[in-house]
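Novice: sequence and computational prediction follow.
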Amino acid sequence: HDFRLEGDGHPEGNPFTVRIVAGTQGETAWEHTDQEGRWQGALTRVLGIALEEAAGKDISWHTTMIRVRDALAASSSPQHPGAEGPSKRIHFTLEETDPGVFSFDVKDKVATIKGGRVAGFAKNDVFALVPHGRESKAPWVAKAKLSSIDAFNSIGDITETRSGETLPERGIAILIERALRLSPMKIPPEMIELEKAIAESKFLRVSMREERERMLSVRLEKDGVALYDEGGIEVFCSPLHQTHEIIRATERLTRAKLFRALAPDASERLQHNLELSFDVVVAGSRRAISSSGETHVSEGEKACIWLHNKGERPLYVNIFDVNVAGEIFLLNETDPGGIEIKRQLTYVFGQNRSGEAEGQAFSWPDSVPVCEAIDESLVFIVTENITDLRHVESEGKIGRGETPKSTLEDLTFQIACGGARNFGRVKQANRIRFDVIEIPFTLHPRTCAGETVPDPQKCEEWPKTLQSWPKIDESAVKVCRPALIKLL
């Protein structure tokens with residue numbers, strides 16, 4: 001319970017009570033059906049598993065919520081739960097532990113760190129090793145890169161020892177580089193070559209038998225293989241031997257999921273007064289697309305975006321379109337550092353040269369069969385400085401370079417390229433405060449096998465005109481082409 005105290009109380013919440021929050025302000029607390037078809041909150045399910053794994057261990061709420069967030073990020077639930085209040089406390093006690101600091105011992109140049117999957121560790125995470133008796137902020141003596149992880153312990157190879165220092169036998173380990181959490185995918189057991197290719201991926205891993213959440217899957221079909229997203233929608237098809245193309249399509253979906261889950265921490269969240277409207281425009285009228293994700297639009301409809309800066313300082317907005325096939329497009333191509341919106345002014349994206357809100361049309365991804373409504377999102381990244389985020393579109397084709405990055409740049413480079421990112425405090429000089437706003441919506445096809453689809457805004461038309469989707473000759477309709485869905 002989050003008790004709000006009046007008067008001289010605590011407007012930010014009771015500081016004596018640990019509070020589990022389902023997400024950041026404005027996020028949806030998602031629900032899914034379990035294996036038996038029963039509805040259950042995504043957070044409730046993952047938190048329950050994490051608490052069972054941590055039973056009897058000195059694990060803090062802060063550490064557990066790292067584990068929970070990673071599990072939700074690997075699923076189809078783009079929310080960011082957390083623990084507020086005294087989150088250093090060990091579960092259901094008043095005793096506290098220091099989150100992010102773990103004990104270790106070394107034998108034969110191999111470090112055993114007292115933390116594992118329950119603490120949110122992943123293969124290739126890098127830890128700084130500091131002997132007992134030194135402060136956790138003291139210079140590291142050695143570095144260890146995790147090579148093996150179980151629930152509560154991890155094995156790390158010593159990769160570097162500071163000159164003049166002796167490798168300690170025991171001490172504390174501090175996470176300094178956080179590897180990208182690999183996303184699970186189901187594949188047929190006979191696809192050996194695909195399994196080998198997944199093992200080389202920076203984004204993917206083969207799912208384990210005990211994993212029950214919805215995930216990406218590859219299925220064998222009579223004319224090749226098909227890739228399905230977490231909701232069971234086919235987003236890519238390929239001949240059986242084109243393993244590289246299957247991996248590329250799956251990594252594209254994973255990168256899109258990671259990008260939609262992007263969020264600042266409390267110290268880097270930008271407070272702003274930006275009002276945003278994303279509306280379908282028809283003959284001088286407007287129909288709002290709600291941020292709840294419940295709005296339906298049709299292929300060919302046009303939309304405009306109104307960005308009104310009611311604050312006293314300029315803002316910069318990067319707008320990305322993320323489609324069901326995992327394609328990420330930067331819409332403000334002519335302003336790659338972000339659209340500048342000056343104080344107390346409004347910018348309309350989609351207006352013509354005459355200043356009229358003409359709108360830009362929604363189109364359909366070529367690789368997705370045109371016979372089922374699909375999910376799409378616009379993602380807005382708001383900053384107070386010019387920030388070039390074009391690398392998000394790159395699919396790993398560019399490197400980070402040697403310049404130190406802010407958390408925003410570090411996170412987005414990791415999404416683009418995979419690998420690890422720096423973990424810990426960012427220097428004030430490199431900090432970019434930002435906010436992320438997502439507007440999801442459902443896109444309906446204009447036609448299905450030649451039959452006009454009813455207007456999704458007029459639900460009463462559906463039972464009168466189309467009782468079910470028409471049967472389709474897939475050999476005539478399913479064409480494997482590069483996915484593309486973009487506001488044109």
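Specialist: Noted; the coordinates are in hand. Residues are numbered from 1 along each chain as shown.
Novice: quick one: distance of stretch 350-366 to the chain centre.
Specialist: Stretch 350-366 sits 28 Å away from the centroid of its parent chain (Cα atoms, centre = their mean, to the nearest Å).
Novice: and what of stretch 306-316?
Specialist: With Cα atoms, centre = their mean, you get 26 Å for stretch 306-316.
Novice: list the buried residues for that stretch?
Specialist: Applying a neighbour-count criterion of 16 or more other Cβ atoms under 10 Å, one finds 306, 307, 308, 309, 311, 315, 316 buried in stretch 306-316. For the C-beta atoms, the positions are set from N, CA and C on the backbone; glycine is no exception.
Novice: so the first one sits in a strand?
Specialist: Put plainly, it is residue 306. Yes: assessed by DSSP: H, G, I helix; E, B strand; the rest coil, residue 306 belongs to a strand.
Novice: what sits against it?
Specialist: 275, 276, 277, 278, 279, 346, 347, 348, 349 (Cβ atoms under 8 Å, 6 or more residues apart in numbering).
Novice: so which of these belong to helices?
Specialist: Using DSSP state H, no member of these falls in helices.
Novice: what's the farthest-apart pair in the buried residues of stretch 306-316?
Specialist: Using Cβ to Cβ, the two most remote members of these are 306 and 316, lying 16.4 Å apart.
Novice: who does residue 234 bridge with?
Specialist: residue 228 (DSSP bridges).
Novice: list buried residues within the contacts of residue 306.
Specialist: 276, 278, 279, 347, 348, 349.
Novice: OK, contacts around the third one?
Specialist: Which is residue 279. Here residue 279 is in contact with 286, 287, 288, 289, 303, 304, 305, 306 (Cβ under 8 Å, 6+ apart).
Novice: what's the longest helix in the protein?
Specialist: From DSSP H, the single longest helix across the chain is helix 243-260.
Novice: rewinding a little: adding distance to residue 79, write the buried ones among the contacts of residue 306 out as JSON lines.
Specialist: Converted to JSON lines, those look like this (distance: Cβ to Cβ, whole Å):
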{"residue": "276", "distance to residue 79": "20"}
{"residue": "278", "distance to residue 79": "21"}
{"residue": "279", "distance to residue 79": "26"}
{"residue": "347", "distance to residue 79": "29"}
{"residue": "348", "distance to residue 79": "31"}
{"residue": "349", "distance to residue 79": "27"}
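Novice: and those, which of them are in strands?
Specialist: Within the buried ones among the contacts of residue 306, residues falling in strands by DSSP state E are 276, 278, 279, 347, 348, 349.
Novice: list just the nearest of the buried residues of stretch 306-316 to residue 150.
Specialist: residue 316 (44.5 Å).
Novice: counting neighbours, which bits of the host helix or strand of residue 377 end up buried?
Specialist: Using DSSP states H and E, residue 377 maps to strand 374-383. Using 16+ other Cβ under 10 Å as the test for burial, strand 374-383 gives 374, 375, 376, 377, 378, 379, 380, 381, 382, 383.
Novice: same deal with stretch 252-262?
Specialist: Under 16+ other Cβ under 10 Å, the buried positions of stretch 252-262 are 252, 253, 254, 255, 256, 257, 258, 259, 260, 261, 262.
Novice: do the same with stretch 47-62
Specialist: Buried, per 16+ other Cβ under 10 Å, within stretch 47-62: 47, 49, 50, 51, 53, 54, 59, 60, 61, 62.
Novice: so the fourth one makes contact with residue 91?
Specialist: Yes: Residue 51 is in contact with residue 91 according to Cβ atoms under 8 Å; the separation is 6.8 Å.
Novice: just give me the neighbour total for the residue nearest to residue 26 when sequence neighbours are not counted.
Specialist: The shortest distance from residue 26 to any residue other than its chain neighbours is 7.0 Å, reached at residue 291 (Cβ to Cβ, 6 or more residues apart in numbering). Residue 291 has 17 neighbours, counted by other Cβ atoms under 10 Å.
Novice: make sure residue 291 is actually in contact with residue 439.
Specialist: Yes: Residue 291 is within contact range of residue 439, at 5.0 Å (criterion: Cβ under 8 Å).
Novice: from the buried residues of stretch 47-62, pick the one nearest residue 225.
Specialist: In terms of Cβ to Cβ, no member of the buried residues of stretch 47-62 lies closer to residue 225 than residue 49, at 30.9 Å.
Novice: where's the closest one, which helix or strand?
Specialist: Going by DSSP H and E, residue 49 is in helix 42-53.
Novice: now do that helix: which elements does it pack against?
Specialist: strand 31-33, helix 61-73 (3 or more Cβ pairs under 8 Å, 6 or more residues apart in numbering; DSSP states H and E).
Novice: what do you get if the cut-off is 6 Å, keeping everything else the same?
Specialist: helix 61-73 (3 or more Cβ pairs under 6 Å, 6 or more residues apart in numbering; DSSP states H and E).
Novice: could you identify the helix or strand that succeeds the helix it packs on?
Specialist: Taking DSSP H and E, what comes next after helix 61-73 is strand 82-84.
Novice: quick one: contacts of that next one?
Specialist: Here strand 82-84 makes contact (Cβ atoms under 6 Å, 6 or more residues apart in numbering) with 13, 18, 19, 20, 21, 61, 62, 65.
Novice: swap the cut-off to 10 Å and go again
Specialist: 2, 12-15, 17-24, 60-66, 68-69, 89, 99, 265-266 (Cβ atoms under 10 Å, 6 or more residues apart in numbering).
Novice: that strand pairs with which strands, parallel or anti?
Specialist: Short version: by DSSP bridges, strand 82-84 pairs with strand 19-21 (antiparallel).
Novice: need the residue in this structure that's farthest from the chain's center.
Specialist: Most distant from the centre of the chain: residue 164, at 41.6 Å, with distances by Cα atoms, centre = their mean.
Novice: now, among the buried residues of strand 374-383, which is nearest to residue 234?
Specialist: residue 374 (10.2 Å).
Novice: tell me what the helix or strand containing residue 174 is packed against?
Specialist: Using DSSP H and E, residue 174 sits in strand 170-179. Applying 3 or more Cβ pairs under 10 Å, 6 or more residues apart in numbering; DSSP states H and E, one finds that strand 170-179 contacts helix 61-73, strand 101-107, strand 110-113, strand 126-131, strand 142-149, helix 407-417, strand 420-422.
Novice: thank you kindly, that will do.
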